[in-house]
Each structure stands twice: as structure tokens, then as C-alpha cells.
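Asks: one predicted model, sequence on top.
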Amino acid sequence: MIQWSNLTTLSVSNVSPRESESWRKLTNPENETFLLKGMNPKNNKEEYVLALSKRTKVTLQNLDNLFKQLCLKFDEEIEKILLAIVDTDGSIMYNYISRGVKSVHNGI
């Protein structure tokens with residue numbers, strides 16, 4: 001069993017009013033959602049984990065806003081987030097989401 005260290009949580013409901021709109025679009029307002037920040041023992045790097053229900057709609061704009069708000073909140077550049085998608089049967093699918101996805105309207 002691998003255990004992460006220095007684990008901290010950020011409650012989505014406790015973000016500032018400016019940040020709350022981005023979070024509300026990613027989460028179900030009836031459920032409290034947490035972002036986990038901890039040290040991954042496999043690579044000795046801090047990583048961020050966001051657990052969401054598989055029913056949660058996530059758009060590229062939501063993800064872009066999430067990265068921007070996390071960079072402001074933690075005052076550091078965050079290049080990836082581990083997205084933990086939780087199903088009703090308790091199973092979890094993990095996907096890394098990397099920063100840098102650009103809109104087709106940005107000249108790509």
C-alpha cells in the first residue's frame with residue numbers, strides 16, 4: 001500500500017467568492033467537494049487530486065478556470081491534476097489532466 005504524505009484538503013465551499021463560480025461549475029452544490037494536495041511517494045512531488053462524481057459535467061473552460069484558480073490559491077504553477085472519477089458502485093477511474101489545452105479561437 002502506497003501512502004501519500006503531507007496531505008491537505010481545500011474545501012470547495014470555502015473558496016473566495018471570486019473563485020466559487022469556477023468551483024460551482026465543476027461540482028454539485030448539494031455535495032461538498034474537496035481538492036487534495038499531497039506528496040506522491042512514487043515521485044516525491046506534490047500533486048493535486050480532484051474527486052468528482054461520474055455524473056459531473058466538466059468542460060475545457062471549467063478545467064482552465066480550475067488551473068487558474070489553483071495557481072492563485074497556492075501561489076505556484078500547477079501543471080497537472082489527478083482527476084478521480086467516482087462511480088456509484090465505489091469504483092474510481094484516475095486520469096491526469098494537464099494544463100495547456102487551448103481553445104480553437106486562440107489561433108490554433
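Replies: Perfect, I can see it now. Being a predicted model, the structure only gives us computed values, none of them experimental. Residues are numbered from 1 along each chain as shown.

Asks: now stretch 75-89: buried residues?
Replies: Under the neighbour-count criterion of 16 or more other CB atoms under 10 Å, stretch 75-89 has Ile78, Ile81, Leu83, Ile85 buried. The C-beta positions use only the backbone N, C-alpha and C, and glycine is treated the same way.

Asks: so who does the second one touch?
Replies: The neighbourhood of Ile81, defined by CB atoms under 8 Å, 6 or more residues apart in numbering, consists of Glu47, Tyr48, Val49, Leu50, Leu66, Phe67, Leu70, Tyr96, Ile97.

Asks: same check on the third one?
Replies: Neighbour list for Leu83: Val49, Leu50, Leu52, Val58, Tyr94, Asn95, Tyr96, Ile97 [criterion: CB under 8 Å, 6+ apart].

Asks: counting neighbours, which of these comes out on top?
Replies: Among those, the one with the most neighbours (other CB atoms under 10 Å) is Leu50, at 23 neighbours.

Asks: give me the phi and psi for that residue.
Replies: Here is the backbone geometry of Leu50 (degrees, to the nearest 10): phi -120, psi 120.

Asks: for stretch 41-60, what is the average pLDDT?
Replies: Mean pLDDT, stretch 41-60: 84.

Asks: CA atoms of the lengthiest helix in the chain as CSV?
Replies: Identified as the longest helix of the chain according to DSSP state H is helix 60-74. Only the C-alpha atoms of helix 60-74 are listed here, as CSV (Å, rounded to 0.1, in the frame of the first residue of the first chain):
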residue,chain,number,x,y,z
LEU,A,60,-12.4,22.6,-21.1
GLN,A,61,-13.3,26.1,-19.8
ASN,A,62,-14.0,24.6,-16.3
LEU,A,63,-10.6,22.9,-16.3
ASP,A,64,-8.9,26.1,-17.5
ASN,A,65,-10.6,28.1,-14.7
LEU,A,66,-9.6,25.4,-12.2
PHE,A,67,-5.9,25.6,-13.1
LYS,A,68,-6.0,29.4,-12.9
GLN,A,69,-7.7,29.4,-9.5
LEU,A,70,-5.4,26.8,-8.1
CYS,A,71,-2.3,28.8,-9.2
LEU,A,72,-3.7,31.8,-7.4
LYS,A,73,-4.7,29.9,-4.3
PHE,A,74,-1.4,28.1,-3.9
